[in-house]
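# here's a sequence, model it:
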Amino acid sequence: MGGVRRFAVLVLLVATLAGCDRGSHSGGAVSSAGNGLELRVAFDEPLRTGRPVTWRLQVTNRGSGPVALKFSSSQEGDVALLKGGAEVYRWSANRLFSQALRELDLAGGETHTFELEERSLGAPAGDYDLVAQVAADPSPGAVRRPVTVR
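Prediction:
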């Protein structure tokens, strides 16, 4: 009986750890469009001014059929930080993107993560509204959530 109990505890522990974020934070902010697409934003916390950050935009097809995400350039998404409605930081600022039509097919239930690398976060310390979106058509809409830069 003790072996079964240990196995059950091990299964519970593995299931709990599988749901953990491993140091990244999705913030609970989710956008969902009527097209069955859902967007989450994740990044390692804490955010620090002048330090690297990788924005992870996770798009999930909540529908049962496939969805073709269409892009008109090499830009996959964008993240902005707003303070009092004024834009203080935008990931795509001062970046060049090739103009090329392309598609990404997402099967029903599939998730794809776009990673936007930033070498040095150019926002001063403070509290912001983060707005993240994927540059695809159809779009899951924008994710909005509060964040703090230290």
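
# quick one: the helices in the protein, in order.
2-18 (DSSP state H).

# low-scoring stretches of it, by residue?
Within the chain, the ranges that satisfy pLDDT under 70 run 1-28.

# which parts of it are strands?
24-25, 30-32, 37-44, 53-61, 67-71, 77-83, 86-90, 102-106, 111-118, 126-134, 143-149 (DSSP state E).

# tell me what the second one is packed against?
For strand 30-32, the packing partners by 3 or more CB pairs under 8 Å, 6 or more residues apart in numbering; DSSP states H and E come out as strand 37-44, strand 143-149. From N, CA and C alone the C-beta is placed, and that goes for glycine too.

# extract the C-alpha trace of the last one and format it as CSV.
Same thing as strand 143-149. This file holds the C-alpha atoms of strand 143-149, laid out as CSV (Å, rounded to 0.1, in the frame of the first residue of the first chain):
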residue,chain,number,x,y,z
VAL,A,143,-3.3,41.5,-24.5
ARG,A,144,-3.3,44.3,-21.9
ARG,A,145,-1.9,44.0,-18.4
PRO,A,146,-0.1,46.0,-15.7
VAL,A,147,3.7,45.5,-15.3
THR,A,148,6.4,47.0,-13.2
VAL,A,149,9.9,47.8,-14.5
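
# show me what it is packed against.
Partner elements for strand 143-149 (3+ CB pairs under 8 Å, 6+ apart): strand 30-32, strand 37-44, strand 126-134.

# tell me which of the helices and strands packed on strand 30-32 is the most buried.
strand 37-44 (a mean of 22; mean count of other CB atoms under 10 Å).

# could you tell me the angle between that strand and strand 102-106?
Going by axes from the mean of the first three to the mean of the last three CA atoms, to 10 degrees, strand 37-44 is angled at 100 degrees with respect to strand 102-106.

# what does strand 37-44 rub up against?
Residues external to strand 37-44 that are found in contact with it (CB atoms under 8 Å, 6 or more residues apart in numbering): 21, 23-27, 29-32, 53-62, 67, 79, 106, 130, 132-134, 138-143, 145.

# partner strands of that strand, with direction?
strand 24-25 (antiparallel), strand 30-32 (antiparallel), strand 53-61 (antiparallel) (DSSP bridges).

# all good on my end, thank you.
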